[in-house]
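**Student:** Next come a sequence and a model predicted from it.
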Amino acid sequence: MSRAIRRSGLALACAGAAFLGVSASAAAVAPPQLSVTAAGLIEASTGQQLYGVNADAELPIASTTKIMTALVTLQRVRSLNTVFTQNDWYPAEADSQIGLVPGERMTERDLLVALMLPSADDAAEDLAYNVGGGSVANFVAMMNADAQAIGLTHTHYSTPIGLDTPGNYSSAWDLDTLAAYVMAHSSLFRQIVAMPAATLATGPVRYVVNRNDLVGRVRWVNGVKTGHTADAGYVLVASGTRDGMTLIGSVLGTSSELERDQNALALLDYGFAEFRLVKPLVAGQQLAVLHVNGQPYAHAAVLAGGAFTHVVKRSDSVHVRLSLPRDLTGPLRRHAVVGHATVLIDGAAAASIPVLLAQALPAAPSSSMLAGISSRTLLVLLLVVTFVVLVLTAVRLHLRLRVTARDRVEAR
């Protein structure tokens, strides 16, 4: 697109305005028919909400709670080699666990892997107790503080595990937003949730398998977390990346693991088929080259003063309308605003980005100097120059005559 923009910019020096971009045409895709209590789909980098079913409803979320447990831990314990000691806590037989016993020691990294892949409740308890300074209640308070800071308006926690306890709930939109936030801020988290399986090396060697069986089975799925309780049903927050776009979709209240996976894949497939990520403007991108007033052979490049990234339907057309002067007159400082670039999506303005001068533009040298000189002053200057030329000519003639006379004397 940059090559097309440069060509349009050269024409712009004469025309004063131009449209940049290419229309797209594609048939609309029907929304998926989901068997869920709630669902939500967003694009990860922009947070744009693309499709939802009952997506603001506050519902039990089971072990997807552990996404926040991981975030609180990652934000407060920087060294992955930090060793934690399991507190005096025994999970119920029905709980998902890796068999930690009171007094057993494990690194933060291994505990996070156990937390996210096999969804170990004993790992969640271990992290909450130790990161909370010996108090699980303190850790839960941190979870709620972080939820508020991120902007999760339909979320509250009462457990770091995700058991069916009063006051532990979230929504489809909030789960998507939380997952996108952690994925964006922690490379370790991204690495962990994309692993089909892993080995825990601290203490007795344990081999753990990711309960999100879409990871490793569907090549473009790269996270995030499953959950299941009697109240929540089967829950999955799933992420996938295709064609440079990452989508995060959550399904809540499905009736089985099979339906959980089918609904999550249908949601993500719909998103990739219906939407695309466009970046019509990149900060610092050259948009045009303008003529400089009074300097026929001078030109000035102009740049996009900001970026614009957006998710649009595949059938939407995206154009950039440049509003710039026909030419520029100096002096102008570097990065002076000289116009605007308006992004149009299906003809409607979606954003306006300032257009900046790439380099400082000095005043035109000759025109500015001669503009203030009167005709009388010019005449005087002309006479002075003429007089100087005559004097120099006379001096040269005099010197030549002296040389000639001397030569004649010597010849005698």
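**Tutor:** Perfect, I can see it now. Residues are numbered from 1 along each chain as shown.
**Student:** any idea which element L111 lies in?
**Tutor:** Using DSSP states H and E, L111 falls within helix 108-116.
**Student:** pLDDT averaged over that helix - what is it?
**Tutor:** What helix 108-116 shows for mean pLDDT is 97.
**Student:** The helix or strand harbouring T246 packs against which elements?
**Tutor:** Assessed by DSSP H and E, T246 sits inside strand 245-254. Where contact means 3 or more CB pairs under 8 Å, 6 or more residues apart in numbering; DSSP states H and E, strand 245-254 is packed against strand 38-43, helix 172-185, strand 233-242, helix 257-274, strand 275-281. The way it works is simple: take the backbone N, C-alpha and C, and place the C-beta from them, glycine included.
**Student:** ok, how many other residues are close to the nearest residue to A172 once chain neighbours are set aside?
**Tutor:** Distances taken as CB to CB, 6 or more residues apart in numbering place G40 nearest to A172, at 3.2 Å, with adjacent residues excluded. G40 is flanked by 28 other residues according to other CB atoms under 10 Å.
**Student:** any idea how far G40 lies from A123?
**Tutor:** Using CB to CB, to the nearest Å, G40 is found at 27 Å from A123.
**Student:** Same check on N168?
**Tutor:** For N168 relative to A123 (CB to CB), the value is 18 Å.
**Student:** more crowded one of those two?
**Tutor:** Remark: of N168 and A123, A123 carries more neighbours, 31 against 24, as counted by other CB under 10 Å.
**Student:** Pop out the phi and psi values for that one.
**Tutor:** Torsion angles at A123 (phi, psi; degrees, to the nearest 10) stand at phi -70, psi -40.
**Student:** Just list the residues touching it, thanks.
**Tutor:** Taking CB atoms under 8 Å, 6 or more residues apart in numbering, we find A123 in contact with I98, L100, M106, L111, L112, A114, L115.
**Student:** any idea how far it lies from F84?
**Tutor:** Distance, A123 to F84, by CB to CB: 9 Å.
**Student:** from memory S35 sits against N263, does it?
**Tutor:** Yes - look at S35 against N263 with CB atoms under 8 Å: they come within range, at 6.3 Å.
**Student:** Mind listing the shared neighbours of those two?
**Tutor:** Shared contacts of S35 and N263 (CB under 8 Å, 6+ apart): T254.
**Student:** my guess is D164 is in a helix, correct?
**Tutor:** No - under DSSP: H, G, I helix; E, B strand; the rest coil, D164 sits outside any helix and is assigned coil.
**Student:** thinking it is in contact with H228, fair?
**Tutor:** No - D164 lies out of contact with H228 (CB under 8 Å); the separation is 10.6 Å.
**Student:** Which one's more surrounded, the two?
**Tutor:** Taking neighbours as other CB under 10 Å, D164 and H228 compare with H228 leading, 20 against 12.
**Student:** Could you tell me which residues touch both of A123 and F84?
**Tutor:** With CB under 8 Å, 6+ apart, A123 and F84 have common neighbours M106, L111.
**Student:** quick one: terminal-to-terminal distance for stretch 201-214?
**Tutor:** Distance across stretch 201-214, first residue to last, is 25 Å (CA to CA, to the nearest Å).
**Student:** Which residues does it contact?
**Tutor:** With contact meaning CB under 8 Å, 6+ apart, stretch 201-214 is reached by 83, 96, 98-99, 104-107, 110, 113-114, 116-120, 193, 195-200, 216, 221, 223-226, 236, 238, 257, 261, 264-265.
**Student:** Which of these are buried? Put it as a PyMOL command.
**Tutor:** Per 16 or more other CB atoms under 10 Å, the buried members of the contacts of stretch 201-214 correspond to this PyMOL selection:
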select buried, resi 96+98+104+106+107+110+113+114+116+117+118+119+120+193+195+198+200+221+223+224+225+226+236+238+261+264+265
